[in-house]
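Peer 1: fold the following, please.
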Amino acid sequence: MLDWIADTFTQTQDLLFQYVVMPVTYAVGLGGYVEDAYPGTEWLLMGLVQIAVLLLVFRPLERWRPVEPMHDRKAVRADIIYTLFHRLGFFPLLMFFTLQPLIDRLDGKLRFWGWAHLNVEDWWPGVTSIAIVSFCIYLLLFDLLDYWYHRLSHKFDWWWSLHALHHSQRQMTLWSDNRNHIIDDVLRGAVFAVAALVIGVEPSQYVLLVAISQLLQSLQHANVRLHFGWLGERLLISPRFHRLHHAIGIGHEVQGKPGVLGGCNFGVLFPWWDMLFGTAVFSPEFHATGIRDQLPAPQGRSRDYGRGVLRQQWLGLKRLFRRA
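Peer 2: The predicted model follows:
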């Protein structure tokens, strides 16, 4: 079954590359990158599959048991643009033209210095040679890295000034996962690209790792009254567990200290890291989402985080340089 899925995916990728990506690459004058466009087609196809899952599976879930009514559809439109930008390969394309030369140069330096990529197959010979086992180990390693990356973005003021855009959505839906400032996205992309390089993740594995993570995070952000039960909540992050991370005055502040950066439930895929490092909070409640300073006085100060993509990005820069 898995072989059939892999073969079907590869055949579809070949057709998509031959009849769509390659002609477009030549048409826009980038024929010199046609060989690099083939692996890029994998990102595009994986993104199309994700969009199909969002529309055919997650969206019906939101209609079935919404946490709150959709009272501000305009606020969601920007999130849809962010999602399409990331899932359909535009962000990987940006990374290719900006960071890939630096990553390649770093790889060359490491090889020159005799650095051998870490390989999980050397950690557990005979077992990790099984593809699914090594893939799961990579998934755990990246999730641990993601936990600390996410937690640190709630610790430093300059970093929070960017990450706050993600938390400013008060109408959270399945589209909200990719609502981030582009600088934060590039920084995260660089960190994970270097990590993948150091531990020797194969490019095709990396694409699948990202795709699985993105799909699960879309479900976590969905406007759906869903949890996985006492045990399930402690095995995989649910929409209820993650919504608490977005709750006003809870997910981004130290409890009892309004305005002091902190929070809870930083995990991306698995709640184990929150449980291990003491940041897990399990609650049956589905709280309102957003940031305290968005609220009108006296609870907040009516801070504007923007409605459209361009304004959101601009205000993020102003916050970064203490101009907003």
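Peer 1: now stretch 306-316: buried residues?
Peer 2: Neighbour-count burial for stretch 306-316, counted by 16 or more other C-beta atoms under 10 Å, picks out Gly306, Val309, Gln312, Gln313, Leu315, Gly316. In short, each C-beta sits where N, CA and C put it, glycine included.
Peer 1: OK, contacts around the fifth one?
Peer 2: Applying C-beta atoms under 8 Å, 6 or more residues apart in numbering to Leu315 gives the contacts Leu165, Asp304, Tyr305, Gly306, Ala324.
Peer 1: burial count for the third one?
Peer 2: So that's Tyr305. 20 (other C-beta atoms under 10 Å).
Peer 1: ok, it - contacts?
Peer 2: Ala164, Leu165, Ser168, Ile291, Gln294, Gln312, Leu315 are the contacts of Tyr305 under C-beta under 8 Å, 6+ apart.
Peer 1: in helices, which of these fall?
Peer 2: When DSSP state H is applied, the contacts of Tyr305 are split such that Ala164, Leu165, Gln312, Leu315 fall in helices.
Peer 1: just to revisit the earlier point, of the buried residues of stretch 306-316, closest to His86?
Peer 2: Of all the buried residues of stretch 306-316, His86 sits closest to Val309, with 12.3 Å by C-beta to C-beta.
Peer 1: my guess is that closest one contacts Leu84. True?
Peer 2: No. If you go by C-beta atoms under 8 Å, Val309 and Leu84 don't touch, sitting 10.9 Å apart.
Peer 1: let me have the contacts of Tyr305 in TSV, adding distance to Asp177 and pLDDT as columns.
Peer 2: Below are those laid out as TSV (distance: C-beta to C-beta, whole Å; pLDDT from 0 to 100):
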residue	distance to Asp177	pLDDT
Ala164	16	96
Leu165	13	97
Ser168	14	96
Ile291	17	95
Gln294	20	93
Gln312	15	97
Leu315	20	96
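Peer 1: now Gly278: how far from Asn265?
Peer 2: 12 Å (C-beta to C-beta, to the nearest Å).
Peer 1: now do His242
Peer 2: 6 Å.
Peer 1: which residues in the stretch 201-324 of the chain form helices?
Peer 2: Counting by DSSP state H, counting those that start in this stretch, the stretch 201-324 of the chain has helices at residues 203-221, 229-232, 239-245, 272-277, 309-320.
Peer 1: which of those helices sits closest to Tyr33?
Peer 2: With C-beta to C-beta as the criterion, Tyr33 lies closest to helix 203-221 of the helices of the stretch 201-324 of the chain, at 15.8 Å.
Peer 1: now the stretch 101-250 of the chain, which segments are flagged as low pLDDT?
Peer 2: Within the stretch 101-250 of the chain, the ranges that satisfy pLDDT under 70 run 107, 110, 112, 114-131.
Peer 1: and the strands in it?
Peer 2: Ranges of strands in the stretch 101-250 of the chain, per DSSP state E, counting those that start in this stretch: none exist.
Peer 1: still on that earlier bit, nearest to Leu102, of the contacts of Tyr305?
Peer 2: Leu165 (25.2 Å).
Peer 1: got CSV for the contacts of Tyr305, with distance to Val198 too?
Peer 2: Converted to CSV, the contacts of Tyr305 look like this (distance: C-beta to C-beta, whole Å):
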residue, distance to Val198
Ala164, 30
Leu165, 29
Ser168, 33
Ile291, 35
Gln294, 39
Gln312, 33
Leu315, 35
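Peer 1: put the buried members of the residues you listed into a PyMOL selection.
Peer 2: To isolate the buried ones among the contacts of Tyr305 in PyMOL, judged by 16+ other C-beta under 10 Å, type:
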select buried, resi 164+165+168+291+294+312+315
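Peer 1: quick check, nearest of the contacts of Tyr305 to Leu139?
Peer 2: Leu165 (26.7 Å).
Peer 1: any idea how far the closest one lies from Gln313?
Peer 2: For Leu165, the distance to Gln313 (C-beta to C-beta) stands at 8 Å.
Peer 1: overlap in contacts, these two.
Peer 2: Both Leu165 and Gln313 are in contact with His181, Gly306, where contact means C-beta under 8 Å, 6+ apart.
Peer 1: surely Leu165 touches Asn178?
Peer 2: No. Taking C-beta under 8 Å as the definition, Leu165 is not a contact partner of Asn178, at 10.9 Å.
Peer 1: count the neighbours of Ile79 for me.
Peer 2: Not quite, residue 79 is Asp, not Ile. 21.
Peer 1: may I ask which helix or strand encompasses it?
Peer 2: Using DSSP states H and E, the element containing Asp79 is helix 73-87.
Peer 1: could you dump that helix to CSV, C-alpha only?
Peer 2: Only the C-alpha atoms of helix 73-87 are listed here, as CSV (Å, rounded to 0.1, in the frame of the first residue of the first chain):
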residue,chain,number,x,y,z
ARG,A,73,-14.6,36.4,7.7
LYS,A,74,-12.5,39.3,6.5
ALA,A,75,-10.0,38.6,9.3
VAL,A,76,-9.6,35.0,7.9
ARG,A,77,-8.8,36.1,4.4
ALA,A,78,-5.3,37.2,5.2
ASP,A,79,-4.7,33.8,6.9
ILE,A,80,-5.7,32.0,3.7
ILE,A,81,-3.2,34.0,1.7
TYR,A,82,-0.5,33.1,4.2
THR,A,83,-1.4,29.4,3.9
LEU,A,84,-1.4,29.4,0.1
PHE,A,85,2.0,31.2,0.2
HIS,A,86,3.5,28.5,2.4
ARG,A,87,1.7,25.3,1.2
